[in-house]
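Novice: Quick one: sequence plus predicted model below, questions after.
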Amino acid sequence: MINRLDKTRMVNEEAAIKGRDKPLPIQDQHFVLNAMLKPPYVQDVEKDKISTLIVGLGCFWGAEKKFWELDGVLSTAVGYSAGYTNNPTYEEVCSGMTGHNEVVLIVFDNTKTSLLNILICFWESHNPTQGMRQGNDVGTQYRSGIYTNSEAQMGVAKHSMETYQKEISSKGGPKITTEILTAKPFYYAEDYHQQYLAKNIGGYCGLGGTGVKFPLSNVPL
């Protein structure tokens with residue numbers, strides 16, 4: 001059984017909060033982009049050009065903004081994934097009793113940007129060596145993670161981590177602790193979390209990278 005005072009230890013599935021069947025209500029429209037938060041996301045882009053990826057890199061408020069600002073990104077949403085609880089609330093995730101990570105769902109046009117470009121933003125926007133924390137935010141919900149939906153994505157993600165690890169190691173940095181897993185269900189976070197930093201100018205963002213740039217010369221875009 002997890003010690004509730006130690007939120008850096010993963011809860012096991014048997015002890016996790018069970019959750020609920022009904023999803024949390026959210027608005028349909030992205031607050032910043034001309035898109036929807038749920039499929040089909042956009043009407044004027046062919047389905048086979050739309051790709052998605054789920055990532056966790058600390059508090060999802062600042063993380064989401066990093067990605068909606070990228071060229072080629074069609075939509076973003078924040079939510080909870082990689083845990084056990086069905087349709088969890090923010091308070092439940094913060095308790096450490098769901099196993100979930102705070103994550104960003106990224107929807108992008110794969111003819112205008114690449115998975116690797118998304119991953120470069122991911123690696124450079126946070127410190128992936130800190131385990132169950134990101135800066136001053138401590139707990140399993142702030143762990144670094146990439147959650148893929150195909151073998152091809154998994155391969156690119158793992159190769160990108162190997163490449164970035166070599167670069168960090170060459171600068172004397174520690175081992176990357178990012179988990180790379182097949183995506184589990186994505187549960188949309190409460191509406192007030194969606195595009196939070198656009199709705200709350202000057203809101204909290206605890207993200208900070210390592211200062212190590214991803215070595216583009218070593219990986220084909």
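Specialist: Looks like it arrived, so ask away.
Novice: Please point out which parts of stretch 152-170 sit buried.
Specialist: Buried residues in stretch 152-170, counted by 16 or more other C-beta atoms under 10 Å: 153-154, 156-157, 160-161, 163-165, 167-168. Placement of C-beta: from N, CA and C, glycine included.
Novice: Tell me how far it lies from the chain's centre.
Specialist: Here the centre of stretch 152-170 is set off from its chain's centre by 17 Å, with C-alpha atoms, centre = their mean, to the nearest Å.
Novice: and the buried residues of stretch 152-170 as TSV, adding pLDDT?
Specialist: TSV is the format used below for those (pLDDT from 0 to 100):
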residue	pLDDT
Gln153	98
Met154	98
Val156	98
Ala157	98
Ser160	98
Met161	98
Thr163	98
Tyr164	98
Gln165	98
Glu167	97
Ile168	98
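Novice: Off-centre distance for stretch 62-73?
Specialist: 11 Å.
Novice: Could you tell me the end-to-end distance of it?
Specialist: Length of stretch 62-73, first residue to last, C-alpha to C-alpha, to the nearest Å: 16 Å.
Novice: Could you pull up the mean pLDDT of it?
Specialist: The average pLDDT for stretch 62-73 rounds to 98.
Novice: ok, now stretch 176-194?
Specialist: Mean predicted lDDT for stretch 176-194 stands at 98.
Novice: Buried residues in that stretch, which are they?
Specialist: For stretch 176-194, using 16+ other C-beta under 10 Å, the buried residues are 176, 178, 180, 183-184, 186-189, 193-194.
Novice: between those, which is closest to Cys121?
Specialist: Closest to Cys121 out of the buried residues of stretch 176-194 is Thr178 (13.9 Å), distances taken as C-beta to C-beta.
Novice: show me the contacts for the nearest residue to the closest one once chain neighbours are set aside.
Specialist: In space, Thr178 comes closest to Ser144 once its chain neighbours are excluded; the distance is 4.1 Å by C-beta to C-beta, 6 or more residues apart in numbering. Applying C-beta atoms under 8 Å, 6 or more residues apart in numbering to Ser144 gives the contacts 56-58, 126-128, 130, 134, 176-179.
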